[in-house]
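Q: quick one, what's the 3D model for this:
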Amino acid sequence: MDLVTGSATVLYHGVYIHHPIGGYAHVVLPPGGIESNVFATGRHYWSARFVCRKIYGGNTCLSMCLHLWSRGVKVKASWELSVIDPLRGSLLPTTLYSSPPQYFVSSEDIRWDLDYVFLSDRCFWYVDDSGRLVLQITVTIVPEDDPETTIGRQIDDVPPSDMLDQLGEVLETREGADVTFSVDGELIPAHKIVLAMRSRVFKAQLYGEMKESGEQPIEISAMTADTFRALLRYIYTDSSPASSSNQQEEEEGSQDNDKQVWELLTAADRYSVERLKLICERILCKRLDVDNVADMLGLADRHHCGTLKDACIDFMNTSHRMDQVKKSQGFLQLKDSHPLLLVEVLEKSSKF
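A: Residues are numbered from 1 along each chain as shown. I've put the predicted structure just below:
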């Protein structure tokens, strides 16, 4: 919708007295001030009235009231006040005042006035030789939002989904659980359909060719209860070590925390939860050092973690402490258990 504007000029003819001390200009207006002619902006009619007002320091400023004369309407509008250059007869490039959009309301007997606006003394520099100052007031009607636009914005304001929070609550409360796992001596209940949706291994184990005989609980070997719970937490809520661990710990790392991520990566690979596996790889890549890089390389090779494996090889090839790496327990074990893996490292570096 196009903006609708209207304007009027106000001719002020007053007496100006220059004070030697302070350089202030003093303006005298007729009692009641001066008022513009009524002007139209679209279907609405306005006028502006100016009065003199002294402020602190002896300055004299013009104060303006803007009146909406149209009856029984509510109008959203903004206005600008400018000075007309007496020499050129055109508006000065700088606007004295520009108001934000606001509502004007009128009725048969009430006019809506703006608060007084103080104008700087600089406008008095544009008084012509006969003592006249010409101001221009411009009123712009601001169109209301279209109903379709408003409806669209309301739709965008709907709250985010809390489905994952609800699934996390179901995991914690165990409500509706229909399968139980025995992990490291602990019984952990879960929901078959959720596990099957998120893991093709669980799907085969619970519904497919690998389906258990129906006996409960299902035994989970070679995994701690904490690791299995962390796996379930990710399956239900997408909550990973990267989102739950302290940022400083993630950056600096610790032996215990590395072990937890290591074990979770192993579980993610075992149950084919690929995104969690990649998240764990990313965390471990940031925590490589001379003491653990050989162990990490063996882990990456066993679980087909290409990202982590490449990071380990790059670290070993660029580390200035390779002698320390070769003395680590993990490196000595790697020589015995994965000699071909070290050959691969050797092919990419001459450090050995």
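Q: for the helix or strand harbouring residue 139, list every residue counted as buried.
A: Assigned by DSSP states H and E, residue 139 belongs to strand 132-141. Applying a neighbour-count criterion of 16 or more other CB atoms under 10 Å, one finds 133, 134, 135, 136, 137, 138, 139, 140, 141 buried in strand 132-141. No exception for glycine: its C-beta is placed from N, CA and C like everyone else's.
Q: now these as a markdown table including distance to residue 263?
A: Shown next, in a markdown table, are these (distance: CB to CB, whole Å):
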| residue | distance to residue 263 |
| --- | --- |
| 133 | 82 |
| 134 | 82 |
| 135 | 78 |
| 136 | 76 |
| 137 | 75 |
| 138 | 72 |
| 139 | 71 |
| 140 | 67 |
| 141 | 67 |
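Q: mind pulling the model confidence for residue 13?
A: Looking at residue 13, its pLDDT reads 48.
Q: an error on my part: the question was meant for residue 20.
A: 31.
Q: direction included, what does the strand holding residue 139 pair against?
A: strand 4-13 (antiparallel), strand 74-83 (antiparallel) (DSSP bridges).
Q: pull out the buried positions in the last one.
A: Of the residues in strand 74-83, those with enough neighbours to count as buried (16+ other CB under 10 Å) are 75, 77, 78, 79, 80, 81, 82, 83.
Q: quick check: mean pLDDT across that strand?
A: Averaged over strand 74-83, pLDDT sits at 82.
Q: list the helices and strands the helix or strand following it packs on?
A: Sequence order places strand 97-98 as the next helix or strand after strand 74-83, per DSSP H and E. Here strand 97-98 touches strand 74-83, going by 3 or more CB pairs under 8 Å, 6 or more residues apart in numbering; DSSP states H and E.
Q: before we move on, back to that, export the buried residues of strand 132-141 as a markdown table, with columns for pLDDT and distance to residue 277.
A: Shown next, in a markdown table, are these (pLDDT from 0 to 100; distance: CB to CB, whole Å):
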| residue | pLDDT | distance to residue 277 |
| --- | --- | --- |
| 133 | 69 | 77 |
| 134 | 75 | 76 |
| 135 | 74 | 72 |
| 136 | 80 | 70 |
| 137 | 82 | 69 |
| 138 | 86 | 65 |
| 139 | 87 | 65 |
| 140 | 88 | 60 |
| 141 | 86 | 60 |
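Q: run through the residues that contact residue 321.
A: residue 290 (CB atoms under 8 Å, 6 or more residues apart in numbering).
Q: swap in 10 Å and give it another go.
A: 289, 290, 327 (CB atoms under 10 Å, 6 or more residues apart in numbering).
Q: inside strands: which ones of these?
A: Among these, no residue falls in strands (DSSP state E).
Q: list only buried entries from those residues.
A: Buried among the contacts of residue 321 (16+ other CB under 10 Å): residue 290.
Q: of all the contacts of residue 321, which comes closest to residue 263?
A: Comparing those against residue 263 with CB to CB places residue 289 closest, at 18.9 Å.
Q: you'd agree that closest one is up against residue 312?
A: No - using CB atoms under 10 Å as the test, residue 289 is too far from residue 312 to be in contact (11.0 Å).
Q: which residues are common contacts for those two?
A: residue 296.
Q: separation between residue 80 and residue 41?
A: Taking CB to CB, to the nearest Å as the measure, residue 80 and residue 41 are separated by 12 Å.
Q: what about the strands in the stretch 151-300 of the chain?
A: Remark: strands assigned in the stretch 151-300 of the chain by DSSP state E, counting those that start in this stretch are 179-183, 186-190, 218-220.
Q: what pairs with the shortest one, parallel or antiparallel?
A: In other words, strand 218-220. In its sheet, and by DSSP bridges, strand 218-220 pairs with strand 179-183 (parallel).
Q: give me the residues contacting the partner strand.
A: By CB under 10 Å, 6+ apart, the list of residues contacting strand 179-183 reads 174, 187-195, 202, 205-206, 212, 216-221, 223-229, 231-232.
Q: show me which of those are buried.
A: Neighbour counting with 16+ other CB under 10 Å marks 188-191, 194-195, 202, 205-206, 218, 220, 223-225, 227-228, 231-232 as buried within the contacts of strand 179-183.
Q: that older thread, can you tell me which of the contacts of residue 321 end up in helices?
A: Assigned to helices by DSSP state H, the following of those qualify: residue 327.
Q: pipe the contacts of residue 321 into a markdown table and attach distance to residue 47 per row.
A: Formatted as a markdown table, the contacts of residue 321 follow (distance: CB to CB, whole Å):
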| residue | distance to residue 47 |
| --- | --- |
| 289 | 79 |
| 290 | 83 |
| 327 | 92 |
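Q: appreciated, that's everything.
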